[in-house]
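S.K.: using only what follows, build the 3D model:
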Amino acid sequence: MDPIAFPLLIALIGVALAFDFLNGLHDAANSIATIVSTRVLKSQYAVAWAAFFNFIAFLFFGLHVATTVGKGIVDAAIIDPQVIFGALMGAISWNLITWALGIPSSSSHALIGGLLGAGTAKAGLGAVIWTGVFKTSAAIVMSPAIGLLLALLLVLIISWVFRRFTPHGADGVFRKLQLVSASLYSLGHGGNDAQKTMGIIAVLLYSQGMLQGEFHVPFWVVISCQAAMGFGTLFGGWKIVHTMGSKITRLSPAQGFCAETGGAITLFMATHLGIPVSTTHTITGAIVGVGASRRLSAVRWNIASRIIIAWVVTLPAAALIGAGFYWITRFF
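M.R.: All right, here's what the predicted structure looks like:
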């Protein structure tokens, strides 16, 4: 490896970990909004709870999502430091824009959009691996829909099982169960989201001949990404917590449990299948599901529609920004 390129490699890994930190910061709301809005935990304890389970997620999941991102979105043969820089800057820029506006967009699809934009800016559409892109794009629709349906089903089951409980008694039970459901969702979040950055760092190392043998994710990359995401979650994204926890619909502890559990099941399935889904999309769909179980008017559809627009715009917006940053690198 060129000695001059080594500092650049270290700097790009630093940028990737900064994105992972920002991902945790941006997506903290996904894990803690419901337990904060239902007053099960105070916000400072909730973020610590979520950060811990974000970090230990690598103990429970394989690295299928990291492999998809690393070599299943664009051809690994065209990856170089300029492409990775463009991808990361596209994702980081879009995350900062939506974070400042308090809009829960997808960090995952921002990263994939940035990678697509920078990759096509370098090598054209021929570099795109369309099967991976279609699988990821389908998840934009499927993950919130599955989260919604599972959460709605859980509400119906719980309503029947706890029909003889007083509201106060049921509330006490689900305040404890929400700690479990929040833990599961945080595991799913750490398991799916941190792996996207792992894939980016691993493919960068692979492109520079730093990995021995076939493409794989070194253990130090796994630990670094999980830690960066956990630290980001500790700092939280309070504007987005407010949007997710109370602006879409009002939640009781039982409804919070159903939303988190439905979302966690969705994330566990996607991570097992190696599909990079959006934790934001998933929990939003689940929250809408529990709100709609009361009545359709319980959901603030104007807020939900803003979120859906951000979902649609995220991938192409991050792709354009990623392509722009790639072209900037051509002047240096």
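
S.K.: residues near residue 220, how many?
M.R.: Residue 220 sits with 9 neighbouring residues when counted by other CB atoms under 10 Å. Backbone N, C-alpha and C define where each C-beta goes, glycine included.

S.K.: which parts of the stretch 1-150 of the chain are helices?
M.R.: 5-37, 43-55, 64-71, 81-101, 107-123, 130-161 (DSSP state H, counting those that start in this stretch).

S.K.: between the fifth one and helix 130-161, what angle do the directions make?
M.R.: Translated: helix 107-123. 170 degrees (axes from the mean of the first three to the mean of the last three CA atoms, to 10 degrees).

S.K.: which secondary structure elements does helix 107-123 contact?
M.R.: helix 5-37, helix 64-71, helix 81-101, helix 130-161, helix 167-207, helix 301-329 (3 or more CB pairs under 8 Å, 6 or more residues apart in numbering; DSSP states H and E).

S.K.: export the ones you listed as CSV, with columns for mean pLDDT.
M.R.: Below are those laid out as CSV (pLDDT from 0 to 100):
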stretch, mean pLDDT
helix 5-37, 81
helix 64-71, 90
helix 81-101, 88
helix 130-161, 87
helix 167-207, 88
helix 301-329, 81
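
S.K.: closest to residue 57 out of these?
M.R.: Residue 57 lies closest to helix 167-207 among the helices and strands packed on helix 107-123, at 3.1 Å (CB to CB).

S.K.: outside of the next helix or strand after that closest one, which residues touch it?
M.R.: Using DSSP states H and E, the helix or strand that follows helix 167-207 in sequence is helix 219-235. With contact meaning CB atoms under 8 Å, 6 or more residues apart in numbering, helix 219-235 is reached by 17-18, 20-28, 31, 47-48, 50-52, 54-58, 63, 186, 190, 193-195, 197-198, 201-202, 205.

S.K.: can you rerun that using 6 Å?
M.R.: Helix 219-235 is contacted by residues 17, 20-21, 23-25, 28, 47, 50-51, 54-55, 58, 194, 197-198, 201-202 when judged by CB atoms under 6 Å, 6 or more residues apart in numbering.

S.K.: ok, now stretch 7-18?
M.R.: Residues contacting stretch 7-18 (CB under 6 Å, 6+ apart): 81, 84, 88, 197, 200, 201, 228.

S.K.: and for stretch 76-94?
M.R.: Contact with stretch 76-94 is made by 8, 12, 15-16, 19, 110-111, 114-115, 117-119, 122-123, 127, 203-204, 207, 317-318, 321-322, 325-326, 329, as judged by CB under 6 Å, 6+ apart.

S.K.: starting at the chain centroid, how far to that stretch?
M.R.: 18 Å (CA atoms, centre = their mean, to the nearest Å).

S.K.: what comes up buried for that stretch?
M.R.: 76, 78-94 (16 or more other CB atoms under 10 Å).

S.K.: picking that back up, dump the helices and strands packed on helix 107-123 to TSV, plus distance to residue 269.
M.R.: Formatted as TSV, the helices and strands packed on helix 107-123 follow (distance: least, CB to CB, whole Å):
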stretch	distance to residue 269
helix 5-37	16
helix 64-71	12
helix 81-101	24
helix 130-161	8
helix 167-207	9
helix 301-329	20
